[in-house]
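Chemist: Okay, here's the prediction I keep looking at, along with the sequence it came from:
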Amino acid sequence: MKLDWKLAGDDNSGIFIGFPPSSDPWSAVDNGYEIQIDATDAVDRTTGAVYTFKSADIAARDAALNAPGEWNTYELLVEGERLQIFLNGVKINDFTNTNPVRSLAGHIGIQNHGTGDDASFRNIRIKELGTTPPPTGTIQAEAFSSANGVTPFTKAGANGGQTIGYIDPGDWAAYNGVDLTGVTSFTSRVVSGGAGGTIQVRTGSATGPVLGSVAVPNTGSWTTFANVTTALSGVPSGAQNLYLTFTGSGTGLFDVDDFTLVKGTGGGTGVGPVKGLAGKCLDVRNGATADGTQIQIYTCNGSAAQTWTVTPNSTIKALGKCLDVSGSGTADGTKIQLWTCNGTGAQNWAAQADGSLRNPSSGKCLDVSGNNSADSTIVHLWTCLNAANQKWVLP
(Lines give C-alpha, C1' and ligand atoms only; values in the text may rest on other atoms or scores of the structure.)
Protein backbone atom coordinates (compact mmCIF):
# COMPACT_ATOMS: atom_id res chain seq x y z
CA MET A 1 0.00 0.00 0.00
CA LYS A 2 1.24 3.47 -0.88
CA LEU A 3 -0.34 6.76 0.17
CA ASP A 4 0.46 10.39 0.91
CA TRP A 5 -0.58 11.92 4.23
CA LYS A 6 -0.39 15.36 5.83
CA LEU A 7 -1.17 16.68 9.31
CA ALA A 8 -2.19 20.28 9.86
CA GLY A 9 -0.29 20.54 13.16
CA ASP A 10 -0.26 18.50 16.37
CA ASP A 11 -2.89 16.10 15.04
CA ASN A 12 -3.35 12.35 15.17
CA SER A 13 -4.26 9.57 12.76
CA GLY A 14 -2.94 6.28 11.48
CA ILE A 15 -3.30 3.40 9.03
CA PHE A 16 -4.81 0.13 10.29
CA ILE A 17 -4.06 -3.20 8.64
CA GLY A 18 -4.94 -6.82 9.35
CA PHE A 19 -8.36 -6.56 10.99
CA PRO A 20 -11.47 -8.64 10.21
CA PRO A 21 -14.76 -7.17 8.98
CA SER A 22 -16.93 -6.03 11.88
CA SER A 23 -19.59 -3.51 12.85
CA ASP A 24 -17.60 -2.82 16.03
CA PRO A 25 -15.78 0.53 15.62
CA TRP A 26 -13.00 -0.79 17.90
CA SER A 27 -12.38 -3.92 15.83
CA ALA A 28 -9.40 -2.38 14.04
CA VAL A 29 -7.81 -1.35 17.34
CA ASP A 30 -8.46 -4.64 19.11
CA ASN A 31 -7.63 -7.00 16.24
CA GLY A 32 -5.39 -5.14 13.78
CA TYR A 33 -2.16 -3.17 13.77
CA GLU A 34 -1.92 0.62 13.55
CA ILE A 35 0.93 2.32 11.71
CA GLN A 36 1.07 5.64 13.52
CA ILE A 37 1.25 9.08 11.86
CA ASP A 38 1.38 11.46 14.88
CA ALA A 39 5.02 12.43 15.57
CA THR A 40 4.47 13.82 19.09
CA ASP A 41 3.80 10.67 21.13
CA ALA A 42 6.07 8.09 22.87
CA VAL A 43 8.57 6.18 20.73
CA ASP A 44 6.40 3.05 20.46
CA ARG A 45 3.42 5.11 19.26
CA THR A 46 4.90 7.85 17.07
CA THR A 47 5.28 8.25 13.29
CA GLY A 48 6.38 4.95 11.77
CA ALA A 49 5.70 2.88 14.88
CA VAL A 50 3.53 -0.22 14.85
CA TYR A 51 1.44 1.31 17.62
CA THR A 52 2.50 -0.10 21.06
CA PHE A 53 4.16 -3.08 19.36
CA LYS A 54 7.38 -1.77 17.80
CA SER A 55 9.03 1.64 17.59
CA ALA A 56 10.38 2.97 14.33
CA ASP A 57 14.08 3.67 13.82
CA ILE A 58 13.77 7.16 15.29
CA ALA A 59 16.97 8.55 13.75
CA ALA A 60 15.98 7.36 10.28
CA ARG A 61 12.42 8.56 10.85
CA ASP A 62 13.51 12.03 11.94
CA ALA A 63 15.77 12.38 8.90
CA ALA A 64 12.95 11.41 6.50
CA LEU A 65 9.94 13.13 8.12
CA ASN A 66 8.52 16.29 6.61
CA ALA A 67 7.08 18.98 8.90
CA PRO A 68 3.37 19.48 9.66
CA GLY A 69 1.63 21.11 6.71
CA GLU A 70 3.80 19.16 4.22
CA TRP A 71 3.00 15.89 2.48
CA ASN A 72 4.68 12.62 3.51
CA THR A 73 4.55 9.29 1.67
CA TYR A 74 4.10 5.90 3.34
CA GLU A 75 4.79 2.57 1.69
CA LEU A 76 3.55 -0.41 3.72
CA LEU A 77 4.87 -3.71 2.37
CA VAL A 78 3.22 -6.84 3.77
CA GLU A 79 4.65 -10.25 2.89
CA GLY A 80 3.01 -12.98 4.94
CA GLU A 81 3.34 -11.86 8.55
CA ARG A 82 6.20 -9.42 7.86
CA LEU A 83 5.53 -5.67 7.60
CA GLN A 84 8.11 -3.19 6.30
CA ILE A 85 7.40 0.56 6.62
CA PHE A 86 8.99 3.17 4.35
CA LEU A 87 8.64 6.92 4.95
CA ASN A 88 9.45 9.14 1.96
CA GLY A 89 11.45 6.28 0.47
CA VAL A 90 13.43 5.48 3.65
CA LYS A 91 12.90 2.20 5.51
CA ILE A 92 12.07 3.08 9.13
CA ASN A 93 10.52 -0.11 10.56
CA ASP A 94 10.55 -3.89 10.04
CA PHE A 95 8.00 -5.81 12.09
CA THR A 96 7.00 -9.48 12.13
CA ASN A 97 3.75 -10.60 13.72
CA THR A 98 4.19 -13.60 16.05
CA ASN A 99 0.85 -13.29 17.83
CA PRO A 100 -1.29 -16.31 16.78
CA VAL A 101 -4.49 -14.38 17.53
CA ARG A 102 -3.63 -11.48 15.19
CA SER A 103 -2.58 -11.43 11.56
CA LEU A 104 -1.35 -8.91 9.00
CA ALA A 105 -3.88 -10.40 6.56
CA GLY A 106 -7.24 -8.65 6.55
CA HIS A 107 -8.83 -5.27 5.98
CA ILE A 108 -7.11 -1.88 5.63
CA GLY A 109 -8.47 1.28 7.24
CA ILE A 110 -7.73 5.00 7.48
CA GLN A 111 -8.22 6.17 11.05
CA ASN A 112 -10.71 8.86 11.99
CA HIS A 113 -9.12 9.79 15.32
CA GLY A 114 -11.80 12.27 16.35
CA THR A 115 -12.98 15.87 16.33
CA GLY A 116 -10.11 18.35 16.16
CA ASP A 117 -7.59 15.96 14.59
CA ASP A 118 -7.12 17.11 10.99
CA ALA A 119 -5.42 14.66 8.63
CA SER A 120 -5.38 14.61 4.84
CA PHE A 121 -4.76 11.64 2.55
CA ARG A 122 -4.25 11.32 -1.20
CA ASN A 123 -2.96 8.91 -3.86
CA ILE A 124 -4.02 5.78 -1.96
CA ARG A 125 -2.85 2.79 -3.99
CA ILE A 126 -2.95 -0.94 -3.26
CA LYS A 127 -1.10 -3.61 -5.22
CA GLU A 128 -1.37 -7.34 -4.58
CA LEU A 129 2.14 -8.72 -4.95
CA GLY A 130 1.31 -12.45 -5.10
CA THR A 131 3.84 -15.21 -4.58
CA THR A 132 4.90 -15.38 -8.22
CA PRO A 133 4.07 -12.93 -10.98
CA PRO A 134 1.93 -14.55 -13.68
CA PRO A 135 4.40 -15.29 -16.51
CA THR A 136 1.68 -15.04 -19.14
CA GLY A 137 0.87 -11.53 -17.96
CA THR A 138 -2.46 -9.77 -18.04
CA ILE A 139 -4.40 -9.74 -21.31
CA GLN A 140 -6.70 -6.84 -22.13
CA ALA A 141 -10.08 -8.34 -23.03
CA GLU A 142 -10.59 -5.96 -25.95
CA ALA A 143 -7.38 -7.33 -27.57
CA PHE A 144 -9.21 -10.39 -28.91
CA SER A 145 -8.15 -12.14 -32.13
CA SER A 146 -11.77 -12.80 -33.11
CA ALA A 147 -15.14 -12.53 -31.44
CA ASN A 148 -18.85 -13.11 -31.73
CA GLY A 149 -21.37 -10.61 -30.38
CA VAL A 150 -19.08 -8.58 -28.11
CA THR A 151 -17.80 -5.06 -28.81
CA PRO A 152 -14.93 -3.01 -27.34
CA PHE A 153 -16.42 -0.34 -25.08
CA THR A 154 -14.63 2.77 -23.79
CA LYS A 155 -15.17 2.97 -20.03
CA ALA A 156 -13.76 5.16 -17.26
CA GLY A 157 -11.76 3.09 -14.78
CA ALA A 158 -10.99 0.31 -17.23
CA ASN A 159 -7.38 -0.82 -17.45
CA GLY A 160 -6.28 0.18 -20.92
CA GLY A 161 -9.35 2.41 -21.26
CA GLN A 162 -11.72 -0.23 -22.69
CA THR A 163 -13.70 -3.32 -21.77
CA ILE A 164 -15.53 -5.78 -23.97
CA GLY A 165 -19.23 -5.06 -23.55
CA TYR A 166 -22.69 -5.82 -24.90
CA ILE A 167 -22.18 -9.41 -23.75
CA ASP A 168 -25.17 -11.68 -24.28
CA PRO A 169 -25.56 -15.46 -23.75
CA GLY A 170 -23.69 -17.41 -26.43
CA ASP A 171 -21.20 -14.64 -27.21
CA TRP A 172 -17.48 -15.36 -27.14
CA ALA A 173 -14.01 -13.84 -27.59
CA ALA A 174 -10.89 -15.67 -28.82
CA TYR A 175 -7.21 -15.00 -28.08
CA ASN A 176 -4.78 -16.82 -30.33
CA GLY A 177 -1.34 -18.15 -29.42
CA VAL A 178 -1.62 -17.87 -25.62
CA ASP A 179 1.04 -19.84 -23.70
CA LEU A 180 -0.84 -22.04 -21.23
CA THR A 181 2.13 -24.03 -19.93
CA GLY A 182 1.78 -24.47 -16.18
CA VAL A 183 -1.39 -22.37 -15.89
CA THR A 184 -3.52 -23.36 -12.89
CA SER A 185 -6.00 -20.52 -12.40
CA PHE A 186 -7.84 -17.68 -14.13
CA THR A 187 -8.59 -14.22 -12.72
CA SER A 188 -10.66 -11.61 -14.53
CA ARG A 189 -11.53 -7.98 -13.79
CA VAL A 190 -15.23 -7.52 -14.51
CA VAL A 191 -18.03 -4.99 -14.04
CA SER A 192 -21.80 -5.44 -14.12
CA GLY A 193 -24.86 -3.38 -13.40
CA GLY A 194 -26.93 -6.09 -15.01
CA ALA A 195 -27.85 -9.68 -14.32
CA GLY A 196 -24.32 -11.05 -14.34
CA GLY A 197 -23.59 -14.49 -15.71
CA THR A 198 -20.72 -16.92 -16.21
CA ILE A 199 -17.36 -16.89 -17.98
CA GLN A 200 -16.22 -20.26 -19.36
CA VAL A 201 -12.55 -20.74 -20.25
CA ARG A 202 -12.06 -23.06 -23.25
CA THR A 203 -9.39 -24.05 -25.74
CA GLY A 204 -9.52 -24.83 -29.45
CA SER A 205 -12.93 -23.36 -30.25
CA ALA A 206 -15.99 -21.76 -28.72
CA THR A 207 -17.30 -25.28 -28.10
CA GLY A 208 -13.97 -26.74 -27.00
CA PRO A 209 -13.27 -28.36 -23.62
CA VAL A 210 -14.09 -26.21 -20.59
CA LEU A 211 -11.00 -25.72 -18.41
CA GLY A 212 -12.94 -23.83 -15.77
CA SER A 213 -15.87 -21.48 -15.25
CA VAL A 214 -16.53 -18.60 -12.88
CA ALA A 215 -19.69 -16.73 -11.93
CA VAL A 216 -19.78 -12.97 -12.51
CA PRO A 217 -22.12 -11.21 -10.05
CA ASN A 218 -23.81 -7.84 -10.32
CA THR A 219 -20.92 -5.74 -8.97
CA GLY A 220 -23.14 -2.87 -7.85
CA SER A 221 -23.01 -0.66 -10.94
CA TRP A 222 -21.54 -0.39 -14.42
CA THR A 223 -18.60 1.55 -12.97
CA THR A 224 -17.82 -0.72 -9.99
CA PHE A 225 -15.12 -3.22 -10.93
CA ALA A 226 -14.43 -6.52 -9.17
CA ASN A 227 -12.15 -9.54 -9.62
CA VAL A 228 -13.42 -13.10 -10.06
CA THR A 229 -11.17 -16.17 -9.87
CA THR A 230 -11.41 -19.88 -10.60
CA ALA A 231 -9.06 -22.85 -10.68
CA LEU A 232 -8.44 -24.43 -14.09
CA SER A 233 -7.97 -28.13 -14.83
CA GLY A 234 -6.93 -30.16 -17.86
CA VAL A 235 -4.93 -27.21 -19.17
CA PRO A 236 -2.82 -28.12 -22.24
CA SER A 237 0.78 -26.92 -22.52
CA GLY A 238 2.24 -24.61 -25.12
CA ALA A 239 0.66 -21.94 -27.31
CA GLN A 240 -3.10 -22.42 -27.61
CA ASN A 241 -6.08 -20.57 -28.97
CA LEU A 242 -8.00 -19.54 -25.85
CA TYR A 243 -11.73 -18.83 -25.87
CA LEU A 244 -13.85 -17.02 -23.30
CA THR A 245 -17.49 -18.00 -23.75
CA PHE A 246 -20.35 -16.29 -21.92
CA THR A 247 -23.59 -17.64 -20.48
CA GLY A 248 -26.47 -16.20 -18.47
CA SER A 249 -30.05 -15.02 -18.74
CA GLY A 250 -31.22 -11.92 -20.58
CA THR A 251 -29.00 -9.39 -22.31
CA GLY A 252 -26.20 -7.04 -21.28
CA LEU A 253 -24.81 -9.51 -18.72
CA PHE A 254 -21.47 -7.90 -17.79
CA ASP A 255 -18.29 -6.33 -19.21
CA VAL A 256 -14.81 -7.92 -19.08
CA ASP A 257 -11.89 -5.54 -18.57
CA ASP A 258 -8.90 -7.91 -18.57
CA PHE A 259 -7.85 -11.37 -17.43
CA THR A 260 -4.76 -13.07 -16.04
CA LEU A 261 -3.68 -16.69 -16.47
CA VAL A 262 -1.77 -17.59 -13.33
CA LYS A 263 0.87 -20.29 -13.32
CA GLY A 264 1.60 -22.56 -10.37
CA THR A 265 4.04 -21.49 -7.70
CA GLY A 266 6.71 -23.87 -8.97
CA GLY A 267 8.20 -24.67 -5.57
CA GLY A 268 7.89 -21.31 -3.83
CA THR A 269 6.16 -20.98 -0.47
CA GLY A 270 2.88 -19.03 -0.42
CA VAL A 271 1.21 -17.39 2.57
CA GLY A 272 -2.46 -16.44 2.66
CA PRO A 273 -5.95 -17.94 2.30
CA VAL A 274 -6.69 -21.31 0.71
CA LYS A 275 -9.97 -20.87 -1.17
CA GLY A 276 -12.32 -23.65 -2.18
CA LEU A 277 -16.00 -24.34 -2.83
CA ALA A 278 -18.07 -21.18 -3.46
CA GLY A 279 -15.00 -19.04 -2.73
CA LYS A 280 -15.03 -20.02 0.97
CA CYS A 281 -11.76 -20.24 2.90
CA LEU A 282 -10.09 -23.20 4.59
CA ASP A 283 -10.51 -22.37 8.27
CA VAL A 284 -9.34 -23.66 11.67
CA ARG A 285 -12.53 -23.95 13.69
CA ASN A 286 -12.80 -21.12 16.25
CA GLY A 287 -9.12 -20.26 15.68
CA ALA A 288 -8.19 -22.96 18.21
CA THR A 289 -4.64 -24.34 18.35
CA ALA A 290 -5.20 -27.63 20.20
CA ASP A 291 -4.16 -30.84 18.45
CA GLY A 292 -7.21 -32.38 16.81
CA THR A 293 -9.02 -29.10 16.05
CA GLN A 294 -11.43 -29.64 13.15
CA ILE A 295 -10.72 -27.96 9.80
CA GLN A 296 -13.71 -26.49 7.95
CA ILE A 297 -14.68 -23.96 5.30
CA TYR A 298 -15.94 -20.52 6.29
CA THR A 299 -16.59 -17.12 4.75
CA CYS A 300 -13.19 -15.51 4.16
CA ASN A 301 -12.37 -12.97 6.88
CA GLY A 302 -8.58 -12.51 6.76
CA SER A 303 -8.05 -13.98 10.24
CA ALA A 304 -5.04 -15.99 11.41
CA ALA A 305 -7.29 -19.07 11.36
CA GLN A 306 -7.44 -18.68 7.57
CA THR A 307 -3.82 -17.70 6.95
CA TRP A 308 -1.95 -20.73 5.65
CA THR A 309 1.71 -21.21 4.79
CA VAL A 310 1.77 -23.56 1.81
CA THR A 311 4.99 -25.32 0.86
CA PRO A 312 4.34 -27.18 -2.43
CA ASN A 313 4.54 -30.98 -2.15
CA SER A 314 5.04 -30.63 1.58
CA THR A 315 3.15 -29.05 4.47
CA ILE A 316 0.23 -26.65 4.83
CA LYS A 317 0.44 -24.75 8.13
CA ALA A 318 -1.72 -22.37 10.17
CA LEU A 319 -1.37 -21.10 13.73
CA GLY A 320 2.01 -22.82 13.95
CA LYS A 321 0.63 -26.32 13.29
CA CYS A 322 0.04 -28.58 10.29
CA LEU A 323 -2.92 -29.72 8.20
CA ASP A 324 -3.13 -33.40 9.17
CA VAL A 325 -5.00 -36.60 8.24
CA SER A 326 -6.25 -38.01 11.54
CA GLY A 327 -4.43 -41.19 12.50
CA SER A 328 -2.79 -41.34 9.04
CA GLY A 329 -6.11 -42.79 7.87
CA THR A 330 -6.99 -43.73 4.32
CA ALA A 331 -10.75 -44.27 4.52
CA ASP A 332 -13.20 -41.91 2.85
CA GLY A 333 -14.43 -39.46 5.48
CA THR A 334 -11.28 -39.49 7.62
CA LYS A 335 -11.11 -36.31 9.70
CA ILE A 336 -8.81 -33.48 8.59
CA GLN A 337 -7.44 -31.64 11.61
CA LEU A 338 -4.79 -29.31 12.96
CA TRP A 339 -1.86 -31.14 14.57
CA THR A 340 1.66 -30.51 15.80
CA CYS A 341 3.97 -30.78 12.78
CA ASN A 342 5.77 -34.13 12.85
CA GLY A 343 7.05 -34.79 9.32
CA THR A 344 4.78 -37.78 8.70
CA GLY A 345 2.95 -38.62 5.48
CA ALA A 346 -0.31 -37.59 7.16
CA GLN A 347 0.87 -33.98 6.86
CA ASN A 348 2.11 -34.06 3.28
CA TRP A 349 -0.02 -32.40 0.59
CA ALA A 350 0.61 -32.09 -3.14
CA ALA A 351 -1.21 -29.65 -5.42
CA GLN A 352 -2.49 -31.30 -8.59
CA ALA A 353 -2.99 -29.86 -12.07
CA ASP A 354 -6.78 -30.24 -11.69
CA GLY A 355 -6.80 -27.91 -8.65
CA SER A 356 -7.09 -30.65 -6.03
CA LEU A 357 -4.90 -31.18 -2.96
CA ARG A 358 -3.80 -34.80 -2.69
CA ASN A 359 -2.37 -36.57 0.34
CA PRO A 360 0.15 -38.92 -1.34
CA SER A 361 0.24 -41.34 1.60
CA SER A 362 -3.44 -42.16 1.23
CA GLY A 363 -3.79 -41.29 -2.45
CA LYS A 364 -6.92 -39.29 -1.56
CA CYS A 365 -7.96 -35.63 -1.71
CA LEU A 366 -8.97 -32.78 0.56
CA ASP A 367 -12.76 -32.67 0.15
CA VAL A 368 -15.60 -30.42 1.39
CA SER A 369 -18.14 -32.78 2.96
CA GLY A 370 -21.32 -33.28 0.97
CA ASN A 371 -20.40 -30.59 -1.59
CA ASN A 372 -21.96 -28.18 0.95
CA SER A 373 -20.76 -24.56 0.83
CA ALA A 374 -22.37 -23.48 4.12
CA ASP A 375 -20.14 -21.92 6.77
CA SER A 376 -18.64 -24.47 9.21
CA THR A 377 -18.93 -27.40 6.78
CA ILE A 378 -16.10 -29.79 7.62
CA VAL A 379 -13.42 -30.93 5.22
CA HIS A 380 -12.33 -34.55 5.20
CA LEU A 381 -10.36 -37.10 3.17
CA TRP A 382 -12.10 -38.55 0.14
CA THR A 383 -11.44 -40.43 -3.07
CA CYS A 384 -10.25 -37.94 -5.70
CA LEU A 385 -13.14 -37.16 -8.05
CA ASN A 386 -12.08 -33.99 -9.94
CA ALA A 387 -15.20 -32.42 -8.39
CA ALA A 388 -15.86 -28.77 -7.47
CA ASN A 389 -15.67 -29.53 -3.74
CA GLN A 390 -12.11 -30.77 -4.21
CA LYS A 391 -10.81 -27.69 -6.06
CA TRP A 392 -8.57 -25.29 -4.12
CA VAL A 393 -6.84 -22.03 -5.00
CA LEU A 394 -3.57 -21.69 -3.10
CA PRO A 395 -1.82 -18.45 -2.04
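Modeler: Great, that's in hand. Numbers count the residues shown, from 1 in each chain.
Chemist: got a list of what the closest residue to residue 147 other than its chain neighbours touches?
Modeler: With sequence-adjacent residues excluded and distances taken as Cβ to Cβ, 6 or more residues apart in numbering, residue 147 is closest to residue 173, at 4.4 Å. Placement of C-beta: from N, CA and C, glycine included. Taking Cβ atoms under 8 Å, 6 or more residues apart in numbering as the criterion, residue 173 is in contact with 141, 144, 146-148, 150, 164, 243-244, 256.
Chemist: low-scoring pLDDT stretches of this structure, where are they?
Modeler: 129-137, 263-269, 312-313, 353 (pLDDT under 70).
Chemist: which strands and helices sit next to the longest helix along it?
Modeler: In the chain, taking DSSP state H as the definition, the longest helix is helix 58-64. Counting contacts by 3 or more Cβ pairs under 8 Å, 6 or more residues apart in numbering; DSSP states H and E, helix 58-64 is packed against strand 90-96.
Chemist: Which strands border the strand it packs on, and is each parallel or antiparallel?
Modeler: Paired strands of strand 90-96, with direction, are strand 82-87 (antiparallel) (DSSP bridges).
Chemist: Residue 57 against residue 87, yeah?
Modeler: No. With contact defined as Cβ atoms under 8 Å, residue 57 does not reach residue 87; the gap is 9.8 Å.
Chemist: Give me the more crowded residue out of these two.
Modeler: Between residue 57 and residue 87, counted using other Cβ atoms under 10 Å, the more crowded position is residue 87 (23 against 17).
Chemist: hang on, the earlier thing: neighbour-wise, which one of the contacts of residue 173 leads?
Modeler: residue 141 (29 neighbours).
Chemist: Verify the stated contact: that residue with residue 246.
Modeler: No. Between residue 141 and residue 246 there is no contact under Cβ under 8 Å: 11.2 Å.
Chemist: any shared contact partners between the two?
Modeler: Shared contacts of residue 141 and residue 246 (Cβ under 8 Å, 6+ apart): none.
Chemist: ok, back up a step: quick one: strands adjacent to the helix or strand following the longest helix of the chain?
Modeler: Per DSSP states H and E, the first helix or strand lying C-terminal to helix 58-64 is strand 72-79. Using DSSP bridges, the strands paired with strand 72-79 are strand 2-7 (antiparallel), strand 82-87 (antiparallel).
Chemist: Distance to residue 203 added to those strands, as TSV?
Modeler: Converted to TSV, the strands paired with strand 72-79 look like this (distance: least, Cβ to Cβ, whole Å):
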stretch	distance to residue 203
strand 2-7	38
strand 82-87	39
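Chemist: who wins for proximity to residue 127 among the ones you listed?
Modeler: Ranking the strands paired with strand 72-79 by proximity to residue 127 (Cβ to Cβ) places strand 2-7 first, at 8.0 Å.
Chemist: next one: the following helix or strand past the closest one to chain centre, how far?
Modeler: Once strand 2-7 ends, the next helix or strand along the chain (criterion: DSSP H and E) is strand 14-19. Put simply, strand 14-19 sits 17 Å off its chain's centre (Cα atoms, centre = their mean, to the nearest Å).
Chemist: can you list contacts of strand 14-19?
Modeler: The list of residues contacting strand 14-19 from outside it, by Cβ under 8 Å, 6+ apart, reads 1, 3, 27-29, 31-38, 51, 74, 76, 78, 83, 97, 102-111, 113, 302.
Chemist: With stretch 141-156 instead?
Modeler: Contacts of stretch 141-156 (Cβ under 8 Å, 6+ apart): 160-168, 170-176, 188, 191, 206, 222-223, 241, 244, 246, 255-259.
Chemist: When you filter the residues you listed down to buried only, what's left?
Modeler: Among the contacts of stretch 141-156, those classed as buried by 16 or more other Cβ atoms under 10 Å are 162-165, 167-168, 171-175, 188, 191, 206, 222, 241, 244, 246, 255-259.
Chemist: Of those, which belong to strands?
Modeler: The strands, defined by DSSP state E, take in 162-165, 172-175, 188, 191, 222, 241, 244, 246, 255-259 from the buried ones among the contacts of stretch 141-156.
Chemist: Neighbours of the residue lying closest to residue 19 once chain neighbours are set aside, how many?
Modeler: Spatial nearest neighbour of residue 19, chain neighbours left out: residue 32 (3.1 Å); criterion: Cβ to Cβ, 6+ apart. Using other Cβ under 10 Å, residue 32 has 22 other residues around it.
Chemist: How is this structure divided into domains?
Modeler: The chain breaks down into these domains under automatic domain parsing: 2-125, 138-263, 270-390.
Chemist: all strands of the stretch 101-250 of the chain, in order?
Modeler: For the stretch 101-250 of the chain, the strands defined by DSSP state E, counting those that start in this stretch cover 107-110, 119-125, 138-140, 146-148, 151-154, 162-165, 172-179, 183-192, 197-203, 210-216, 221-231, 239-247.
Chemist: which residues touch residue 342?
Modeler: Contact analysis of residue 342 by Cβ under 8 Å, 6+ apart lists residue 322.
Chemist: where's it relative to residue 334, distance?
Modeler: Using Cβ to Cβ, to the nearest Å, residue 342 is found at 17 Å from residue 334.
Chemist: Residue 169 now?
Modeler: 42 Å.
Chemist: swap in residue 186?
Modeler: From residue 186 to residue 334 the distance is 31 Å (Cβ to Cβ).
Chemist: Same drill for those two, tell me which one is more crowded.
Modeler: Counted by other Cβ under 10 Å, residue 186 and residue 334 do not tie: residue 186 has more neighbours, with 23 against 19.
Chemist: Help me confirm that the more buried one comes into contact with residue 260.
Modeler: Yes. Using Cβ under 8 Å, residue 186 is in contact with residue 260, at 7.4 Å.
Chemist: Give the buried residues for stretch 188-195.
Modeler: For stretch 188-195, by 16+ other Cβ under 10 Å, it's 188-192, 194.
Chemist: One more: stretch 278-290?
Modeler: For stretch 278-290, a neighbour-count test (16+ other Cβ under 10 Å) marks 278-284, 287, 289 as buried.
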